[in-house]
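Peer 1: Fold the following and give me the result.
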Amino acid sequence: MRKFFICICIFFSSNFINAQEYKFTPIVDIECSDVKSQGRTGTCWSFSTSSFIEAEIKRITGKNIDVSEMYTVRNTYPKKAWNYVMRQGKAQFSEGGLAHDVINSISDYGLVPENVFSGLSDNSNQHNHTEMVAVLKGMLDVYIKNPAKKLSPRWKEAINAVLDIYLGKNVTEFTYNGKKYTPKSFRDELGIKPNDYITITSFAHQPFYSNFILSIPDNFSNGSMYNVPLNEFEQTIINALEKGYTVELDTDVSEQTFSSKDGLAVVPLHNDKAAESLLSVRPEKVITQDYRQQEFENFTTTDDHLMHITGMVKDQNGTIYFKTKNSWGSEGNRVKFGGYVYMSSSFIRLKAISVTINKNALNKDLSNKLDL
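Peer 2: Numbering: from 1, shown residues only. From the prediction side, this is the model:
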């Protein structure tokens, strides 16, 4: 009887320990701009990468600059439209994009502050691109059908006119803090060099330490990525944060165990413990390169959302979580931790599609392997 009582005590004690509420201790916490809301748009790629660039500006110059997300969106849509029309509809035309689309826009068109180009119209305070995208898609589909049997080059002017109406006319010159700039001169004064930024991923269907184009729907611009083994992929994120660099993240958020409401993203060892794992610390799966690849190839891991990693914390058991800034606002019952989500090491290893970093954040060994 005494042995039975002891076993029962051990069982409940073990489950009590495993059911502890999360308690996080900061490891690295890099200053960044306030959490914003992307509203009813699919422009997380611009919001997150703009936040990443704002952190880079702060690191380089010490200045807090609110970068316009919609200036990048405005300049990227014509590229999306061209790709869709020239491929005669055999491509994706959507609101999505990737971090390198922002970097490409910065290279081609520069940067402007938010107060110079907000992308808002009709005195609105929230972005909503539902109607605009439907109009653009409808127009592009007509151009692809080519009813006149010879496509007029004016279609590009028509698309730009729609973008002017919904987002605003493009910026060529502006005044900021009493000084005149072009978007490119503003970029240059802030020390942002587009060639400094690279994207890193980890998939076994391509050789490691090579450069390749990852075939995912939102990679409309065929951006290339450096491929590294999974352990080096995660360590690259850690090294960057420890050096004071933030990290741009492309990830899957379609899992039940990603929750902005609870501010957590985990990979529980037992699938039937999904709900419990968002409330209390639970054992997680060990993520290997093979398992990551399997989940990507069977479409369990998909390219859903881009966010901004700004730090690291650990729970009471020593497990590392990455403090990740979202773009769904900072208040309300949809978000916790002020709009941040703590992503466990296992979640990042399994669900992170890629990261974009300043190449100077790489350790010397990996930089040499990638010939950078």
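Peer 1: Could you use CA atoms for every contact and neighbour count after this?
Peer 2: OK.
Peer 1: What are the contacting residues of stretch 296-309?
Peer 2: If you take Cα atoms under 8 Å, 6 or more residues apart in numbering as the criterion, stretch 296-309 is touched by 44-45, 48-49, 51-52, 98-99, 216-218, 246-254, 295, 322-327, 350-351, 353.
Peer 1: shaky segments in this protein?
Peer 2: 1-19 (pLDDT under 70).
Peer 1: Which residue lies closest in space to Leu151, excluding its sequence neighbours?
Peer 2: Tyr143 (6.8 Å; Cα to Cα, 6 or more residues apart in numbering).
Peer 1: contacting residues around that neighbour?
Peer 2: 85, 151, 155.
Peer 1: how much space between Asp337 and Arg292?
Peer 2: Just to correct that, residue 337 is Phe rather than Asp. In this view, Phe337 and Arg292 are 28 Å apart by Cα to Cα, to the nearest Å.
Peer 1: Which one of the two is surrounded by more residues?
Peer 2: The neighbour comparison of Phe337 against Arg292 (other Cα atoms under 10 Å) goes to Arg292, with 21 against 16.
Peer 1: one step back: out of the contacts of Tyr143, who's the most crowded?
Peer 2: Val85 (19 neighbours).
Peer 1: Just confirm that residue is within a helix.
Peer 2: Yes - assessed with DSSP: H, G, I helix; E, B strand; the rest coil, Val85 lies in a helix.
Peer 1: Touching, Cys32 and Ile53? I think so.
Peer 2: No - assessed by Cα atoms under 8 Å, Cys32 is found out of contact with Ile53, at 9.7 Å.
Peer 1: At which residues are the helices of this structure located?
Peer 2: Taking DSSP state H as the test, the helices found in the chain are 2-18, 44-61, 69-86, 99-109, 130-145, 154-166, 183-189, 230-242, 274-277, 289-297, 345-351, 364-369.
Peer 1: picking up where we left off before, of Cys32 and Ile53, which one has the most company?
Peer 2: Neighbour totals were compared for Cys32 and Ile53, and Ile53 leads with 25 against 20 (other Cα under 10 Å).
Peer 1: In contact with that one, which residues?
Peer 2: Ile53 touches Ile192, counting by Cα under 8 Å, 6+ apart.
Peer 1: Please report how far it lies from Asp250.
Peer 2: 15 Å.
Peer 1: got it, and Val267?
Peer 2: Relative to Asp250, and taking Cα to Cα, Val267 is found at 17 Å.
Peer 1: swap in Asn239?
Peer 2: Separation of Asn239 from Asp250 (Cα to Cα) stands at 18 Å.
Peer 1: quick one: which of those two has more around it?
Peer 2: Remark: of Asn239 and Asp250, Asp250 carries more neighbours, 27 against 15, as counted by other Cα under 10 Å.
Peer 1: Tell me if I'm right that that one and Val355 touch.
Peer 2: Yes - assessed by Cα under 8 Å, Asp250 is found in contact with Val355 at 6.1 Å.
Peer 1: which neighbours do the two share?
Peer 2: Common contact partners of Asp250 and Val355 (Cα under 8 Å, 6+ apart): none.
Peer 1: what about Gly338, neighbour count?
Peer 2: 16.
Peer 1: returning to that earlier point: so which of the helices of the chain is nearest Glu173?
Peer 2: helix 183-189 (6.8 Å; Cα to Cα).
Peer 1: If you count contacts, what does the closest one end up packed against?
Peer 2: Here helix 183-189 is seen to pack against helix 99-109 when contacts are counted using 3 or more Cα pairs under 8 Å, 6 or more residues apart in numbering; DSSP states H and E.
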